[in-house]
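Engineer: Okay, predicted coordinates and the sequence, questions at the end:
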Amino acid sequence: MIDGWHPAIGKAILENWSFSPEMAQGVGNQHDHDYSGGKNPDHTDVIVVGVVLAAALRHRANADEGNDISKIKSFDRLSLTPKECQAVLKHTQLQIGALRAALGC
């Protein structure tokens, strides 16, 4: 029932706690793959990319099949190529594996 509400709830909490309007806006727009933003990257771009990469990491098999990030403008504004994103995902997966091994998970 609350699926999809968490960005709006997160934005409201950040506004209530007096976080910057840019940070609150970024959290509120985290699923906006069509976010046009300005010429330079901003908080929303970083959060959109983070959410997309986190989802790709959770669904690693699908990510390798070619998650088309070329349609998400935030990747362009951050100058991230698909090859660089795959490298980030691979490195992150290795780090998570090492952490799990260290914790015995």
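Structural biologist: Nice, I can see it. Quantities reported herein were computed from a predicted structural model and do not represent experimental measurements. Numbering: from 1, shown residues only.

Engineer: Next, the buried residues of the biggest helix by length in the chain.
Structural biologist: Using DSSP state H, we find that the single longest helix of the chain is helix 82-103. By neighbour count, and taking 16 or more other CB atoms under 10 Å as the criterion, the buried residues in helix 82-103 are 85, 89. Using the backbone N, CA and C atoms, a C-beta is placed for each residue, glycine as well.

Engineer: From here on, call the first residue 194.
Structural biologist: With 194 as the first residue, the last one maps to helix 275-296.

Engineer: centre of the chain versus it, how much separation?
Structural biologist: Helix 275-296 has its C-alpha centroid displaced from the chain centroid by 15 Å (CA atoms, centre = their mean, to the nearest Å).

Engineer: That one - what's its average pLDDT?
Structural biologist: Along helix 275-296, the predicted confidence averages to a pLDDT of 93.

Engineer: got a pLDDT number for residue 202?
Structural biologist: 94.

Engineer: residues near it, how many?
Structural biologist: When counting by other CB atoms under 10 Å, one arrives at 12 neighbours for residue 202.

Engineer: element containing it?
Structural biologist: Of the helices and strands defined by DSSP states H and E, residue 202 is found in helix 199-209.

Engineer: ok, back up a step: and the longest helix of the chain, what does it pack against?
Structural biologist: In terms of contacts (3 or more CB pairs under 8 Å, 6 or more residues apart in numbering; DSSP states H and E), helix 275-296 is packed against helix 236-251, helix 253-257.

Engineer: hmm, back to that, now do the helix holding residue 202 against helix 236-251, angle only.
Structural biologist: On the basis of axes from the mean of the first three to the mean of the last three CA atoms, to 10 degrees, helix 199-209 is oriented at 140 degrees to helix 236-251.

Engineer: picking up where we left off before, buried deepest among the helices and strands packed on helix 275-296, which one?
Structural biologist: Mean neighbour count, computed with mean count of other CB atoms under 10 Å, is highest for helix 236-251 among the helices and strands packed on helix 275-296, reaching a mean of 18.
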